[in-house]
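**Q** Task: produce atomic coordinates for the following.
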Amino acid sequence: MKHTLLIMLTLLTTLTVSAQQRLVYQSYMLGSDSGDTTFREVLRYKNQLRINDIQEFTGKLIAGVSTDYTYVDYDNDSVYHQMNYQDGESYFYAYSLKNSGVEFEEKGEEVVKGYRCKKYKTSINSNTIEVWMTEDLGYQATPTTARGYLKGVMVRQAINGNRVMDLKTIKKDKKLKKNLIPDNLGVRKTGKELNAINKEKLIVRTKIFDDEQIHFAKIDKFRGEIPFDTVLHYSWGTIILKRVNLPVLPEHYQLFAELHQRSNGDAYDRTGSVFVIPMDRKLSLSNALIDSIEVIPYQLDKNGKKYQGIRLEDDYMPVVELMRFFTPFGVNHFNDRVKIDGLEWEDEAYYKMEVSELSDRLSGDVLIGAFIGNYDGGGHKVSLDLVAYPQDYDGDISKNNRWSLPLFNTCNVMEMSGQNYGRLFQTDSLTVEFDIPEGVENLRLRYITTGHGGWDGGDEFNPKENTIIVDGEKIFKYTPWRCDCATYRELNPVSGNFWNGVSSSDLSRSGWCPGTATNPVYFNLSDLKPGHHTITIAIPQGADEGGSFSHWMVSGVLIGNK
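**A** Okay, the predicted model is just below:
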């Protein structure tokens, strides 16, 4: 009896149906007690609709968020999905409502929310979709258009029986414009093109280097104050450096360093590094680049050798290594030199590494550089982007609380200007003193390590245990080793091929392979309290052999939250 009365009341409303309605739909999960629901609004004027989600977000939005509207023109069987961006650009794509390709099966009639409805059912990508439509309201309206045309007003939709969208309210709205669809919707695109535009608008991409050459050449040193947005070459051309003003982004962004590299004449696997020069203290690597390697602090080993700028000092901070990478054997430039059946050489090496934990070093005024150690006049070509992907719509930067402190780096990026290889581990360990300020917590050590010495007995081809000692106590042991180097054979056209069918680029190595980046490892130091501490790195470096020697490139940054 109750349902009958409701149906009669519904039928009476159709006799006086208005040309203008505002319908609100609510989406929720059945059985969920999280209270997480969303709302969608459908405005109707005669045979036109405007559909949009009701945004409840308060506060500042990140850049690149679009305001989206979907328009339906039933008279012309047309749907227009429009995206409007904060920079003033608008795009749309159009499609037919009735030619969606989705076929629904009618499953009888039911009363839902007081409306007499026809029930329809279909399956898309293993998802069961049920829709209840009423024709008793005397017009057509739907909050969803991607699945095609069903006559009437949608009262409910259920996906897999638990994701529900319900008609919540219907109100007359005489203020609605007679033509809901704008005359100018923007630039027309395909759905695929618009999806790509939408993603690219949300991504914050900063071009650092664009096809820049890193090679060995006599280049006049720039000695003045480093200007913004100018690529400078140092250390006989093996370092490129740029001063940039990077955006200050909310902490929820995932930040990646994205590097493309190809040979421009150098045939060998070389050490490369992407780094930031911190300016927190009186001296930095920039002083060495502009003046001389002799102006920065150094450490003496027991043999009297100098190791310049490798650790944190009272007046000096080492470079922050974003990514350690290794060039393959001659990719691109030498692709036509060697032909091997079953192998097609790649055009370039591509490296992409997340550096989100170092975002405090990648905002505002930043000196960022790239190094490839080589003695070739053609050298290499590189392109570098910093790419940030949002994980939220919140644009509040006041919540940023990342903190970092660079402790050591023996990657000798100024090799061509006399900075020594990290050979000290044969007779010494590397010890750094540092202070943790009050309020810093969740501490970890971000550690990159690779062993070098390219003969059978060298540390490149022999696993060596790295020991990390904190405040005099052995805390961690780690042995870097890569045994997947043969995976990257297509990057190494002029790698040596041995009598037994193995290529030199296939050989396992101490934490690296030609054509790859070396992943950082992370050690938990959350028990460290504010105050003064020491950290020591000890490695059983192998002995020299003739004119050959082993060395270790280790970099460490303390990261946490403040």
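**Q** the helices in the protein, which residues?
**A** Per DSSP state H, the chain carries helices over the ranges 2-14, 191-202, 285-290.
**Q** Enumerate the positions of the last one that are buried.
**A** For helix 285-290, burial by neighbour count (16 or more other Cβ atoms under 10 Å) applies to 285, 286, 287, 288, 289, 290. Any C-beta I mention is one placed from the backbone N, CA and C, and that applies to glycine too.
**Q** Including pLDDT and distance to residue 271, could those go into JSON lines?
**A** Formatted as JSON lines, the buried residues of helix 285-290 follow (pLDDT from 0 to 100; distance: Cβ to Cβ, whole Å):
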{"residue": "285", "pLDDT": "97", "distance to residue 271": "16"}
{"residue": "286", "pLDDT": "96", "distance to residue 271": "21"}
{"residue": "287", "pLDDT": "96", "distance to residue 271": "23"}
{"residue": "288", "pLDDT": "96", "distance to residue 271": "18"}
{"residue": "289", "pLDDT": "96", "distance to residue 271": "18"}
{"residue": "290", "pLDDT": "95", "distance to residue 271": "23"}
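**Q** what's the span of stretch 515-525 from first residue to last?
**A** The stretch stretch 515-525 measures 32 Å between its terminal residues, going by Cα to Cα, to the nearest Å.
**Q** how about it: buried residues?
**A** By neighbour count, and taking 16+ other Cβ under 10 Å as the criterion, the buried residues in stretch 515-525 are 515, 516, 517, 518, 520, 521, 523, 525.
**Q** what does stretch 400-419 give?
**A** Of the residues in stretch 400-419, those with enough neighbours to count as buried (16+ other Cβ under 10 Å) are 400, 402-417, 419.
**Q** try stretch 293-306
**A** Residues of stretch 293-306 classed as buried by neighbour count (16+ other Cβ under 10 Å): 293, 296, 297, 298, 299, 301, 305.
**Q** between the residues you listed, which is nearest residue 348?
**A** Minimum distance to residue 348 across those is 31.8 Å, recorded for residue 293 (Cβ to Cβ).
**Q** Pull the contacting residues for the closest one.
**A** Residue 293 makes contact with 308, 309, 414, 417, 418, 419, according to Cβ atoms under 8 Å, 6 or more residues apart in numbering.
**Q** at 7 Å what do you get?
**A** 308, 414, 417, 418, 419 (Cβ atoms under 7 Å, 6 or more residues apart in numbering).
**Q** Could you do residue 73 as well?
**A** When contacts are taken as Cβ under 7 Å, 6+ apart, residue 73 is in contact with 48, 181.
**Q** For residue 168, see how far away residue 37 is.
**A** Residue 37 sits 10 Å away from residue 168, taking Cβ to Cβ, to the nearest Å as the criterion.
**Q** Residue 124 now?
**A** For residue 124, the distance to residue 168 under the criterion Cβ to Cβ works out to 25 Å.
**Q** Residue 530 now?
**A** Distance from residue 530 to residue 168, counting by Cβ to Cβ: 53 Å.
**Q** tell me, what's touching residue 37 and residue 168 both at once?
**A** Listed contacts common to residue 37 and residue 168 are residue 26; contacts here mean Cβ under 7 Å, 6+ apart.
**Q** end to end, how far does stretch 476-490 reach?
**A** Counting by Cα to Cα: the opening and closing residues of stretch 476-490 are 36 Å apart.
**Q** Could I get the full set of strands for the stretch 1-150 of the chain?
**A** Applying DSSP state E, counting those that start in this stretch to the stretch 1-150 of the chain gives strands spanning 20-29, 38-45, 48-53, 67-73, 78-84, 90-95, 105-112, 115-124, 127-134.
**Q** got the domain boundaries for the chain?
**A** As given by automatic domain parsing, the domain ranges for the chain are 2-198, 203-561.
**Q** Centre of the chain to the longest one, how far?
**A** The reference is to domain 203-561. On the basis of Cα atoms, centre = their mean, to the nearest Å, domain 203-561 sits 19 Å off its chain's mean C-alpha point.
**Q** Return the helix or strand in this structure with minimum mean pLDDT.
**A** Counting by mean pLDDT, DSSP states H and E, the weakest-scoring helix or strand in the chain turns out to be helix 2-14, with a mean of 46.
**Q** Name the spans of the stretch 1-150 of the chain whose pLDDT lies under the cut-off.
**A** When residues are selected by pLDDT under 70, those of the stretch 1-150 of the chain lie in 1-17, 33-35, 56.
**Q** ok so, going back, among the buried residues of stretch 293-306, find me the one that's closest to residue 159.
**A** Checking the buried residues of stretch 293-306 one by one against residue 159 (Cβ to Cβ), the nearest turns out to be residue 296, at 62.1 Å.
**Q** Provide a list of residues in contact with that closest one.
**A** With contact set as Cβ under 7 Å, 6+ apart, residue 296 has these partners: 283, 287, 288, 308, 309, 316.
**Q** Grab the nearest non-local neighbour of it.
**A** With Cβ to Cβ, 6 or more residues apart in numbering as the criterion, residue 296 has its nearest non-adjacent residue at 4.3 Å, and that residue is residue 309.
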